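Chemist: Just need the structure, nothing else, for what follows:
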Amino acid sequence: MRSTRATAAVARLNQRSEGRHYLMVMTGNGLFQLRERIDGNDRDVSPALPLDDFVAQVNATGPQPVRRMSKNDEAFARQLARRKNPENND
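Modeler: As a prediction, this is how the structure comes out:
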């Protein structure tokens with residue numbers, strides 16, 4: 001089941017893209033293609049790609065999920081910013 005990763009990526013894309021419907025098509029030679037269904041018609045979004053390239057393309061398509069940051073993550077990011085700019089130490 002090579003297509004499980006691809007199917008999961010398309011499912012995540014559909015969750016992120018409210019009001020849009022994407023689907024995956026597997027070609028006869030084992031490549032994957034992303035399509036969007038608009039008013040009952042399918043429109044190609046990407047060319048036929050191998051699995052890894054397809055999953056990367058789908059993950060980059062549409063709105064990206066907002067990363068949650070803990071207080072520790074925020075403090076670490078501030079610390080890294082201070083190290084990159086030593087002249088701006090507060």
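
Chemist: Spatially central residue in the protein, please.
Modeler: For the chain, residue 59 is the residue whose C-alpha lies nearest the centre (CA atoms, centre = their mean; 1.7 Å).

Chemist: Is it correct that that one is in contact with residue 9?
Modeler: Yes: with contact defined as CB atoms under 8 Å, residue 59 reaches residue 9; the gap is 6.0 Å. All C-beta spots, glycine's among them, are computed from the backbone N, C-alpha and C.

Chemist: about what we covered before: quick check: the residue nearest to the centre of the chain is in a strand.
Modeler: No: read with DSSP: H, G, I helix; E, B strand; the rest coil, residue 59 is helix and lies in no strand.

Chemist: Excluding covalently adjacent residues, which one is nearest to residue 77?
Modeler: Nearest residue to residue 77, sequence neighbours excluded (CB to CB, 6 or more residues apart in numbering): residue 69, at 7.5 Å.

Chemist: State the three-state secondary structure for the one you found.
Modeler: coil.

Chemist: can you pull the contacts of residue 32?
Modeler: Contacts for residue 32 (CB atoms under 8 Å, 6 or more residues apart in numbering) come out as 3, 6, 24-26, 48-51, 54.

Chemist: how does it look with 7 Å?
Modeler: Counting by CB atoms under 7 Å, 6 or more residues apart in numbering, residue 32 touches 6, 24, 26, 48-49, 51, 54.

Chemist: Which strand residues bridge it?
Modeler: For residue 32, the beta-bridge partners are residue 26, residue 49 (DSSP bridges).

Chemist: Any figure for the gap between it and residue 9?
Modeler: Separation of residue 32 from residue 9 (CB to CB, to the nearest Å) stands at 9 Å.

Chemist: now residue 65
Modeler: Taking CB to CB, one finds residue 65 at 13 Å from residue 9.

Chemist: Tell me which of those two has more neighbours.
Modeler: When residue 65 and residue 9 are compared for neighbours, residue 9 comes out ahead with 22 against 10, by other CB atoms under 10 Å.

Chemist: all helices for this protein, in order.
Modeler: Per DSSP state H, the chain carries helices over the ranges 3-16, 51-60, 71-84.
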